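Enquirer: Need coordinates for the following:
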Amino acid sequence: MFFDTHTHINVKQFNEDVEQTIDRAREAGVTRMSVVGFDYPTIERAFDLAAKYEGIYPTIGWHPTEAGSFSDKVEDFLRQALGRQEVVAVGEMGLDYHWMSDPKPVQHEAFRRQIQLAKDVGKPLTIHNRESTEDVYQIMKEVGLPETGGIMHSFGVNTEWLHKFLDLGFHISLSGVVTFKNAPEVKEIAKEVPLERLLIETDAPYLAPEPNRGKRNEPAYVRYVAEEIARLKELSLEEIATQTTQNANRLFKLADQ
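Expert: Residues are numbered from 1 along each chain as shown. This next block holds a predicted model:
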């Protein structure tokens with residue numbers, strides 16, 4: 001019923017109960033999820049989970065907060081890993097000016113190289129953007145994008161930028177932030193994004209939605225994201241679940257269930 005298009009159940013916060021986490025997701029109607037690897041350990045873990053559990057698909061890339069360690073060796077590793085059939089997207093990649101783990105030029109170089117990599121392998125992008133919207137957009141336009149398009153992950157800027165990224169052919173993924181009372185811009189985005197370009201995610205273990213805000217997030221909670229979007233769009237939960245799952249399947253080139 002639900003497709004969590006961006007989750008990190010491959011991180012240490014789930015070491016003790018990943019199987020139970022997946023069981024709870026299934027019970028909540030989450031039939032598919034993309035597990036995002038962003039460095040060597042999390043990429044390997046994403047592959048392990050995909051091999052063990054049905055309905056789990058790796059997205060792999062190099063997070064902007066890891067940009068300082070991006071190298072020819074990393075790029076070669078990613079290129080080889082992206083050749084595996086189970087990988088559905090490249091990322092998460094992008095820019096993060098909040099943490100600024102590495103200088104802007106270092107982040108820009110890692111971002112540009114990963115966009116080119118996605119173009120080479122013909123897979124969609126998953127874009128991380130934090131306090132860096134203008135530069136993210138300019139780099140995407142300068143480098144050019146794969147025909148497969150991609151995802152603006154946990155999008156939360158404003159409706160003006162929403163339309164700019166839609167014009168680039170991208171899908172808009174909304175996370176638990178849409179449930180927050182102090183996130184009016186994200187609620188407006190939810191109302192305005194075309195249904196055929198909408199995706200839902202948890203970004204677990206981060207950004208837990210109401211009523212679990214402040215706790216560890218997990219894929220089962222993507223239902224709360226869908227419920228809030230359904231309320232804002234004045235649609236049924238089933239309509240949101242069905243459309244967002246179809247959108248994800250189409251983008252990731254997966255057969256409908």
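Enquirer: Now do the strands in the stretch 101-250 of the chain.
Expert: Under the criterion DSSP state E, counting those that start in this stretch, strands of the stretch 101-250 of the chain are mapped to 125-130, 150-152, 170-174, 198-200.
Enquirer: Work out the sheet partners of the second one and label each with its direction, please.
Expert: When pairs are called by DSSP bridges, strand 150-152 turns out to pair with strand 125-130 (parallel), strand 170-174 (parallel).
Enquirer: contacting residues around that strand?
Expert: Strand 150-152 is contacted from outside by 5-6, 89, 91, 118, 124-127, 129, 165, 170-173, 199, 251, using Cβ atoms under 8 Å, 6 or more residues apart in numbering. (Glycine included, C-beta is placed from N, CA and C.)
Enquirer: let's see 7 Å
Expert: Identification of contacts with strand 150-152 by Cβ atoms under 7 Å, 6 or more residues apart in numbering yields 5, 89, 124-127, 129, 165, 170-173, 199.
Enquirer: Kindly report the same for stretch 91-107.
Expert: Against stretch 91-107 from outside (Cβ under 7 Å, 6+ apart): 36, 38, 59, 61-65, 67-68, 111, 114, 125-132, 135-136, 153.
Enquirer: Likewise for stretch 34-53?
Expert: Against stretch 34-53 from outside (Cβ under 7 Å, 6+ apart): 5-11, 22, 56-63, 66, 81, 86, 88-89, 91-92, 126.
Enquirer: any idea how far the residue most central in space within the chain is from G91?
Expert: Per Cα atoms, centre = their mean, the C-alpha nearest to the average position across the chain is that of H6, at 3.8 Å. To G91, H6 is 9 Å away according to Cβ to Cβ, to the nearest Å.
Enquirer: Now do the shared contacts for these two.
Expert: 36, 126.
Enquirer: Next, L207: phi, psi?
Expert: phi 60, psi 40 (degrees, to the nearest 10).
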